[in-house]
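[1] Any chance you can model this:
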Amino acid sequence: MEFIREYADWFYLIGAVLFILTLRGLSGPKTAIAGNRYGMIAMAIAVLTTFFVADNPVVWMIVGAMVLGAIVGIARARTVPMTQMPETVALMHSLVGLAAVLIAIAAIIHNNKLVELGPDLLAANGINFHEMSKVHLFELFVGCFVGAITFTASVFAYGKLAAKKWAKTISGAWVKPVQALIFIAMLGFGIHFFLTGNMTSFWAMTGLALAFGWVWIAPVGGGDMPVVVSLLNSFSGWAAAGIGFTLENNMLIVAGSLVGSSGAILSYIMCKAMNRSIINVLFGGAMGGAAAPTAGAGEQVQRNYRSGSADDAGFLMSNADSVVIIPGYGMAQGRAQNAVKELANLLKEQGVTVRFAIHPVAGRMPGHMNVLLAEADVPYEDILEMDEINSDFPATDVVLVIGANDVVNPAAKDDPNSPIYGMPILEAHKARTIMVIKRSMATGYAGLDNDLFYNDKTMMIFGDAKKVVEDMTKAINGTGH
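    The predicted model follows:
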């Protein structure tokens, strides 16, 4: 395949352009399918080109790994429920980090083997060899430790999102000093490896990076998981780009840089939506410290709220002119998206204007609610972002909040002493009537009580999201009991 070898840079350029078009396509739901197709074509071009330009590839190992990966990927894509998408994304990030670590290890071992053979023996066999320069050592240093951190951090994020027992949140005064010690030691060994090429320092750096990834993410609260998933996406990109330099593969450098930069930008946008810095999210402790839940718990017993039934809610919505549905993690947990779609369709048939309001950090990953609603075939034009719909709440007859808590908490607007003060929220409290579906009056992941639940305009409806929404639908069409 001399043709591909000769024009490899052109093929890589085409792939890079297609990856850019992929990101552009994925920026909106209507163009997301086309964006995915661009990405698939770009990846196919990158893999095939690399396969044919590689020196002396071990074909059976490469093809075997590709086939095995394809089987696992297709099986997972066909069977994973949309409710498990956040942990699936985190798990995929871990594999990118692991690949970066393994490539760095392979590159160093290969280099050391060639050094042991000696320049004379290599020259006799026609092998041109130069020991790794400082630039290559630096690339391996960065690619390996970023990849190692990404791997264990992503594995822990997967465990937390999947509610695994081994992924336990850690807390206490000892956490930050331990994080700092591990990080400093990791950098120390890494710099020593960079300066001397010492393998003991390389292994120590890698081990400490793996440990740091775990203790770094373990204290982060569940409410901050959307930012964590986005940041790990960014890290996986930078790890890939670092290893791209090691392998001298332009396509890997470009693709990794695109993923890294886009993930970093998304993380910034999400932190802005929470009115918090990325440093505060990752090193300031979980969203909602220990103090907030205690205060909130004391208040909950004493404050009065109004509760109602699914029949009451169905009656109010069927007699409204406009309804806004605000989905949250409770909808994902209850797998209620299809039931919500049926409810929306029924209300539309009765002449009610129904729209969905999405907060940037609702759920457990970027775009979590959008993904669930897309799975239920909710029309894209009915789904509005926070900035698009906030001005409409005062004229809205009914707002239905399904399992959302912190993203509709008026304290973010009204209480300067609240930990979430200044965080942009969906202003559901301005609507004429508010209905909230929750399992109980428990606080959300920020550990804060929500004044919205005690508002005179609010009716609490307790129960599993899917069951409650289905009962609302039955009440509206007259099949309920």
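
[2] now the most centrally placed residue in the chain: how far from residue 451?
    Geometric centre of the chain, nearest residue: residue 229, 3.0 Å, by Cα atoms, centre = their mean. Per Cβ to Cβ, to the nearest Å, residue 229 is found 29 Å from residue 451. For the C-beta atoms, the positions are set from N, CA and C on the backbone; glycine is no exception.

[3] Now find how far off-centre whichever strand or helix holds the residue nearest to the centre of the chain is within its chain.
    Using DSSP states H and E, residue 229 sits in helix 225-247. Its chain's C-alpha centre and that of helix 225-247 lie 12 Å apart, by Cα atoms, centre = their mean, to the nearest Å.

[4] could you say what helices and strands it packs with?
    helix 85-117, helix 134-161, helix 250-273, helix 278-283 (3 or more Cβ pairs under 8 Å, 6 or more residues apart in numbering; DSSP states H and E).

[5] nearest to residue 477, of those helices?
    Closest to residue 477 of the helices and strands packed on helix 225-247, according to Cβ to Cβ: helix 85-117, at 31.0 Å.

[6] So which residues of this protein form strands?
    Listed in chain order, the strands of the chain (DSSP state E) span 322-327, 353-358, 383-385, 398-402, 433-438, 458-462.

[7] Just the residues contacting the third one, thanks.
    Right, the one you point to is strand 383-385. For strand 383-385, contacts defined as Cβ atoms under 8 Å, 6 or more residues apart in numbering pick out 29, 355, 356, 357, 358, 360, 370, 373.

[8] which one of the residues you listed has the most neighbours?
    Across the contacts of strand 383-385, neighbour numbers were computed from other Cβ atoms under 10 Å; residue 357 holds the maximum, 28 neighbours.

[9] For residue 32, see how far away it is.
    With distances taken as Cβ to Cβ, residue 357 is found 20 Å from residue 32.

[10] now residue 474
    Applying Cβ to Cβ to residue 474 and residue 32 gives a distance of 34 Å.

[11] likewise residue 219?
    34 Å.

[12] mind checking pLDDT for the closest residue to residue 150 other than its chain neighbours?
    With Cβ to Cβ, 6 or more residues apart in numbering as the criterion, residue 150 has its nearest non-adjacent residue at 3.1 Å, and that residue is residue 97. For residue 97, the model assigns a pLDDT of 92.

[13] residues contacting residue 97?
    146-154, 213, 235-236, 239.

[14] Can you lay out these as TSV showing distance to residue 464 and neighbour count?
    Converted to TSV, the contacts of residue 97 look like this (distance: Cβ to Cβ, whole Å; neighbours: other Cβ atoms under 10 Å):
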residue	distance to residue 464	neighbour count
146	41	26
147	41	30
148	40	26
149	38	26
150	36	31
151	36	28
152	34	22
153	32	28
154	30	29
213	35	28
235	36	27
236	35	28
239	40	32
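
[15] So which of those is the closest to residue 379?
    Of the contacts of residue 97, the one sitting nearest to residue 379 (Cβ to Cβ) turns out to be residue 236, at 32.6 Å.
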